[in-house]
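> quick one, structure for this:
(chains A and B)
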Amino acid sequence: MQKILEIDGLKTYFFTDSGVVRAVDDVGLDVQEGSVVGVVGESGCGKTVMARSILNIIEKGGRIVSGRIVYHKGAETVDIASLKPTGAAIKRIRGREIAMIFQEPMTSFSPVYTIGNQIMEMLMVHRRLGATEARRMATEMLTRVGMSKPEQRIDEYPHQLSGGMRQRAMIAMALSCDPRLLIADEPTTALDVTIQSQIIELLKRLQQELSTSIIMITHDLGVIAEIADEVVVMYLGKVVEQAPVRKLFRDPLHPYTSALLRSIPRLGRKVEGRLPSIKGTIPDVRDLPPGCYFHPRCESFIPGVCDAALPELRAADDDHRARCVLVNGVNADD
Amino acid sequence: MLGFLVRRILQMIPVLIAISALTFAIIQLPPGDYLTTYMAELQMTGEAIHEAEIEALRQRYGLDRPILVQYTMWITRAVRGDLGVSFEYNLPVSVLIWERIGLTVVISVLTLLFTWVVSFAVGVYSATRQYSIGDYLATFAGFLGLATPNFMIALILMYAANRFFGQSIGGLFSPAYVDEPWSFAKFVDMMGHMWVPVVVIGTSGTAALIRVLRANLLDELNKPYVVTAKAKGISEFRLLFKYPVRVAIIPFLATVGWTLPLIISGETITSVVLGLPTAGPLLLRSLQTQDMFLAGSFILILSVLTLIGTLISDLLLAWADPRIRYE
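You can find the predicted model right below:
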């Protein structure tokens, strides 16, 4: 398998009046061709900013401070982090090579254009198609994502569609130019539970049909279990654990990952007392605790070690790494 | 849409009846009528008053009848196109008002276009370069424009033009053309004078609209659909104008409805200061002298135009924003 995206040492900071917010701080991950990488973490852990950094569409006030985002296309490689955010080079990548779908299907389409108009725009801009041809392809994409009555829906406005239908239209738009990588930023969070599983099933099916790679951003480990091959767990802008999905679920190394896994209700499992939750709250990113960021909430906290220095990402084996002193035993390489 | 249009036009009829009746009643509210004002004027100039003549006039115009009868008589004739006679000018109302209303409409439309063009350019600039020096300048100028009464701007402009360029900028025509019939040369001359009232009257509206557009656009720029559009890889120009600007300018269309009444009611003083041959000054004069048919006709016609303006702006809004549907 070939790598299509390598992120290395990515730092995306926000410069606000009340200080610098290190939303993404030294994050690295690889995406293999045709695989699904899940990025999981609580709200505010920097996963969305990381996703937006890949297309360099970071919100006002934030920018990529350092690091590389290398996109491989055959023999060609481009460092997206070094491209001008408003330049022509990155615009050829956005939408055509790397597409993105968003959390809010309600507001992610412009309310004043039909969904057909917005899907066709992709095809007309990137593939230089005429209106008739673009419309034909847009209808085809809508059929493909399971939209009922696509010939009629294509002329409808976003507010005329249900949330699930809008997210289908969003997926149709994102995949219309046959991108090699799809970034899905919490695509199911705003939807009903039944619709959620339909959308995940749809993404899985399309991923296999089109052999598109996916980066799935979510806070829902259930979604990760269903779709991801590799998992990256983020906490406060840092990667805390990285592993293939089976290893992560069977043998989590970081206490944060274990705690996240314990806090999921499971069907068929006997409930004893309350569902465990992670104690405490996420610290303010502008006032991070010394040492390991997770130590104030950690059940395996070792005084004098965990609050002294931030651990490096340590490799337990060739594809499983965690940012915890417990990996390979305390003080293994200190 | 057609059903909505028909319904809206039918709804205009009772509104017009109410407006005309109300204005007619208000015009009649001050004690006396045109003839008492007329007699007072005659007395002041020391001229003889012929009681019989006054009485004949009073009967001829039905001024001795109850107000309801007077209104009915006037409105039934008005519907047939006869707006009555101006007491003061002793001319049919229609002779007096059409040119003035025409010029008012021309100034309104030009002012509206001026307002749109300037506030669009400045508003988009201000929002996309928020907190830049240009934005602060525009904001400062905007608040200044909002806070300064228009007649004040008119006076300053006239003083400056006279003092520094030795030029009189009052009125709409050069003295040579004032009483001339319409010709191409007169039209060109009018356009040369037109920018002054357009700038003066348009200033406050422009300032307000800049603020509206800036605030709206700043809101829209942070909407998720703009991020979606960015992720599509379209050009910056298309990104800005097709997506956030397209939504943010919707309030522009609403201004169509209120520009006309604003210019007539709010800018009468400006028109007096600038000596414009528009509806405002004559309307003011007719109200002062209780020249009731002239005043009533003015208000009636301007009401019709205002209702049409509101209808146009509603239709434009429905067309511009698919979320608005009247069915």
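> contact residues of chain B facing chain A?
Taking CB under 8 Å from any CB of the partner chain as the contact definition, chain B meets chain A at B:222-225, B:227-236, B:242-243, B:246-247, B:320-323. Yep, even glycine has a C-beta here, placed from its N, CA and C like the rest.
> check those residues for burial and list the buried ones.
Buried residues within the residues of chain B next to chain A, counting neighbours by 16 or more other CB atoms under 10 Å in any protein chain shown: B:223-225, B:227-234, B:242-243, B:246-247, B:320-322.
> can I assume A:Ile264 sits in a helix?
No. Assigned with DSSP: H, G, I helix; E, B strand; the rest coil, A:Ile264 falls outside any helix and is coil.
> which pLDDT value goes with it?
Taken from the predicted model, the pLDDT recorded for A:Ile264 is 81.
> and for A:Leu210?
What the model reports as pLDDT for A:Leu210 is 91.
> so how far is A:Val145 from it?
From A:Leu210 over to A:Val145 the distance is 11 Å, taken as CB to CB, to the nearest Å.
> between these two, which has more neighbouring residues?
Between A:Leu210 and A:Val145, A:Val145 has the larger neighbour count (other CB atoms under 10 Å in any protein chain shown), namely 22 against 15.
> and the more buried one, what are its phi and psi?
Phi and psi for A:Val145, reported as degrees, to the nearest 10, are phi -90, psi 10.
> quick check: it touching A:Ala174?
No. A:Val145 is beyond contact range of A:Ala174, at 9.8 Å (criterion: CB atoms under 8 Å).
> what backbone torsions are found at the nearest residue to A:Ile278 once chain neighbours are set aside?
Distances taken as CB to CB, 6 or more residues apart in numbering or on different chains place A:Ala259 nearest to A:Ile278, at 4.6 Å, with adjacent residues excluded. Reported as degrees, to the nearest 10, the phi and psi values for A:Ala259 are phi -60, psi -40.
> A:Ala259 and A:Gly280 touch, don't they?
No. In this structure A:Ala259 lies outside contact range of A:Gly280 using CB under 8 Å: 10.7 Å.
> list the contacts for the residue nearest to A:Ile278?
Applying CB atoms under 8 Å, 6 or more residues apart in numbering or on different chains to A:Ala259 gives the contacts A:276, A:278, A:297, A:299.
> ok, the first one - contacts?
Going back to what we said before, that points to A:Pro276. A:259, A:262-263.
> ok, these vs chain B, which is closest?
For these, the closest approach to chain B (CB to the nearest CB) belongs to A:Ser263, at 28.5 Å.
> secondary structure class for A:Asn45?
Wrong residue type there; residue A:45 is Cys, not Asn. The three-state label given to A:Cys45 by three-state DSSP is coil.
> now the phi/psi pair for the spatially closest residue to it that is not a sequence neighbour, please.
Once flanking residues are discounted, A:Cys45 sits nearest to A:Met234: 4.5 Å by CB to CB, 6+ apart. The phi and psi torsions at A:Met234 (degrees, to the nearest 10) take the values phi -110, psi 150.
> touching, A:Met234 and A:Val240? I think so.
Yes. Counting by CB under 8 Å, A:Met234 touches A:Val240, with 6.8 Å between them.
> and the helix or strand B:Ile26 falls within, what does it pack onto?
Counting by DSSP states H and E, the element that carries B:Ile26 is helix B:2-28. Helix B:2-28 makes packing contacts with helix B:67-79, helix B:292-320 when contacts are defined by 3 or more CB pairs under 8 Å, 6 or more residues apart in numbering or on different chains; DSSP states H and E.
> all helices of chain A, in order?
Here chain A has its helices, by DSSP state H, at A:47-55, A:88-93, A:115-126, A:131-144, A:150-153, A:163-175, A:193-210, A:221-227, A:245-250, A:255-262.
> how close does the residue in the stretch 151-300 of chain B that chain A sits nearest to get to A:Glu312?
Per CB to the nearest CB, B:Gly233 is where the stretch 151-300 of chain B lies closest to chain A, at 3.2 Å. When distances are taken as CB to CB, B:Gly233 and A:Glu312 turn out to be 37 Å apart.
> in terms of pLDDT, where does the residue of the stretch 51-200 of chain B found nearest chain A sit?
For the stretch 51-200 of chain B and chain A, the shortest gap (CB to the nearest CB) falls at B:Gln130, measuring 8.9 Å. Turning to B:Gln130, the model gives it a pLDDT of 90.
> please apply the same query to A:Gly116.
pLDDT for A:Gly116: 96.
> again with A:Val271
Listed pLDDT for A:Val271 reads 64.
> what of the one 5 residues further on?
At A:Pro276, the model reports a pLDDT of 80.
> can you pull the phi and psi angles for it?
Per degrees, to the nearest 10, the residue geometry at A:Pro276, taken as phi and psi, is phi -60, psi 140.
> and the residue in the stretch 1-150 of chain A that chain B sits nearest to, how many residues sit next to it?
Closest approach of the stretch 1-150 of chain A to chain B (CB to the nearest CB) occurs at A:Arg94, with a separation of 3.2 Å. Using other CB under 10 Å, A:Arg94 has 23 neighbouring residues.
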